[in-house]
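Enquirer: Using only what follows, build the 3D model:
(chains A and B)
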Protein chains: 2
Amino acid sequence: VSEVTVACCQLALRIGEPAANRAACRAAVREAATRGARIIVLPELANSGYVFDDAAEARHLAESVEGGETVADWLALARELRVTLVGGLCESGTAGGAPHNSSVILDESGVRAVYRKVHLWDRETEVFAPGSEPAPVIQTGLGRISTMVCYDVEFPEWVRMAALRGAELLCVPTNWPRAPVPAGERPLDVVRVQAAASVNRLFIAACDRAGTERGVDWVGGTVIVGPDGYPLAGPVCADRTVTILAPLRPSEASRKELGPRNDVLADRRPQLYRL
Amino acid sequence: VSEVTVACCQLALRIGEPAANRAACRAAVREAATRGARIIVLPELANSGYVFDDAAEARHLAESVEGGETVADWLALARELRVTLVGGLCESGTAGGAPHNSSVILDESGVRAVYRKVHLWDRETEVFAPGSEPAPVIQTGLGRISTMVCYDVEFPEWVRMAALRGAELLCVPTNWPRAPVPAGERPLDVVRVQAAASVNRLFIAACDRAGTERGVDWVGGTVIVGPDGYPLAGPVCADRTVTILAPLRPSEASRKELGPRNDVLADRRPQLYRL
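Expert: Now for the predicted structure:
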């Protein structure tokens, strides 16, 4: 069981300024690596920003995984710094189709997985083509890493499937739009991540946004949660650029026991489930 | 859309003292009704207590729904006070089999549903026969009421099924054994209930225990949560006998929208789910 430091870089991105966004990602990844991180998570749509004026703007800002400048940047960083990166990408559509709201897992060996957001939020339905593949579960030297994007994590079916397929660390690039939170309460975005980690006994690293974008504010709820559902780092819950880090042992998430007689996956009654 | 006050009565029960437990339930239900409650939830195994020495003790304390003194008590209260009751019952097995960890929904018209806990916790597997039927969803004059028991609610599949079948208010009798909670954190038992309510946009009333029973302490986490996942009353999170109340409109839980373009049930991608 080896320990690895996981980081989430909560960034203030700028819609329509890909060069500035690449620079912000580079600086944050370098800083996280300097502080010991070996797995580094970036926000949703880290190349483009989120609040598109229209579908045409998203299409214009989309990049391909092969040949796009952002993934090229991330690959160079992964190789130089010897880190695993998970970041959200506004990805060009295939065959001239609509772009995808994607998350890319990459390490020194190259791009390991491209996941396309399956559950689309709000105007994303007018902008992106939804994915139709489950969250990938990638065996790396640092553990079995999975990824999904923002609203996906609100579907317990989707997180459960990743757990059933062996995910130990689920990396979730997000852009959580801010909503009112009652006094003394933690934003439900974070609460849902805690519960999802707990009922599946896996680690979740959710990386949110900072900054105001065309009038939209963000929860800034970046958090790293353990298999018991309690935060290991964060939640930040503030509008600021910040990197949070947590040392953890991904393989601990392969143990699904709850005490001597229970197991969160083995205790399921799938023959009774109609979903 | 009519408003109804829901109550949860967090009680200190006594293992092996059914008469005392019936008296405690009666007093709490009367108090809740006096304070305006029309739907009243009692803890798990409210007739028997929880920490059985062995299977024989549970079998000895089990009661049938028809003819048992506890349900007879609850029916008399429902009729006299004109309330709907949901309570946990150590229920006699059928045909001489092991007892069930059940939850009963009853109102002025009689027993409306008997649900038998499907996901058993810890030594319950040595004591109880698990149920094999989904959580009932009962149309009442106060809304569509469902029930499940304690550990059941940790299975997102199970809550989702109740939501898909139309539940507006999920009543959950529990006995949550106390576990360490990091400073400043809310017990995960409560967090999971908040998330379950939020991702399904339904009301959840979880009624926990107080008192120490054969060395076991309880979270005392009784809580009533709204469809947005935030508490309407509680969580108590203290070892005391207390009734919490919340006025709510069950029919609000029939609206599953999240803003203008999303819906927590319609946005599911069931054709992609392999559970």
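
Enquirer: Please count neighbours and contacts with C-alpha atoms only from this point.
Expert: OK.

Enquirer: Quick check: buried residues in stretch A:172-183?
Expert: The neighbour-count check on stretch A:172-183 (16 or more other C-alpha atoms under 10 Å in any protein chain shown) flags A:172, A:173, A:174, A:175, A:176 as buried.

Enquirer: What mean pLDDT does it get?
Expert: Averaging pLDDT along stretch A:172-183 gives 97.

Enquirer: Show me how far that stretch is from its chain's centre.
Expert: Put simply, stretch A:172-183 sits 15 Å off its chain's centre (C-alpha atoms, centre = their mean, to the nearest Å).

Enquirer: before we move on, the earlier item: wait, which of the buried residues of stretch A:172-183 is closest to chain B?
Expert: residue A:176 (13.4 Å; C-alpha to the nearest C-alpha).

Enquirer: And that closest one, how far from residue A:154?
Expert: 12 Å (C-alpha to C-alpha, to the nearest Å).

Enquirer: From the centroid of chain A, which residue is nearest?
Expert: residue A:172 (1.9 Å; C-alpha atoms, centre = their mean).

Enquirer: which other helices and strands contact the helix or strand where that one lies?
Expert: Here residue A:172 sits within strand A:169-173, counting by DSSP states H and E. For strand A:169-173, the packing partners by 3 or more C-alpha pairs under 8 Å, 6 or more residues apart in numbering or on different chains; DSSP states H and E come out as strand A:39-41, strand A:84-91, strand A:143-147, strand A:203-207.

Enquirer: Identify the residues contacting the helix or strand encompassing residue A:76?
Expert: Secondary structure assigned from DSSP H and E places residue A:76 in helix A:69-81. For helix A:69-81, the external contacting residues (C-alpha atoms under 8 Å, 6 or more residues apart in numbering or on different chains) are A:22, A:26, A:29-30, A:33, A:47, A:63, A:65-66, A:83-85, A:106-111.

Enquirer: Might you enumerate the residues of chain A proximal to chain B?
Expert: Neighbours of chain B within chain A, by C-alpha under 8 Å from any C-alpha of the partner chain: A:118-123, A:132-134, A:154-158, A:160-161, A:182, A:185, A:188, A:191-192, A:194-195, A:198-199, A:228-230, A:259-262, A:267-270, A:272-275.

Enquirer: of the residues you listed, buried ones?
Expert: Judged by 16+ other C-alpha under 10 Å, buried ones among these: A:118-121, A:134, A:154-158, A:160-161, A:188, A:191-192, A:194-195, A:198-199, A:228-230, A:262, A:267-268, A:275.

Enquirer: Among those residues, which are located in helices?
Expert: Using DSSP state H, the subset of these located in helices is A:156, A:157, A:158, A:160, A:161, A:188, A:191, A:192, A:194, A:195, A:198, A:199.

Enquirer: Looking at these, spot the one nearest residue B:41.
Expert: residue A:195 (23.5 Å; C-alpha to C-alpha).

Enquirer: need the contact list for the closest one.
Expert: Per C-alpha under 8 Å, 6+ apart, neighbours of residue A:195: A:229, B:188, B:191, B:192, B:195.

Enquirer: Stretch A:57-70 - what's its average pLDDT?
Expert: On average, stretch A:57-70 scores 97.

Enquirer: and residue A:241, how many neighbours?
Expert: 18 (other C-alpha atoms under 10 Å in any protein chain shown).

Enquirer: How about the contacts made by it?
Expert: Residue A:241 touches A:9, A:10, A:11, A:12, A:209, A:210, A:211, counting by C-alpha under 8 Å, 6+ apart.

Enquirer: out of these, who has the most neighbours?
Expert: Result: residue A:209 is most packed of the contacts of residue A:241 (other C-alpha under 10 Å), 34 neighbours.
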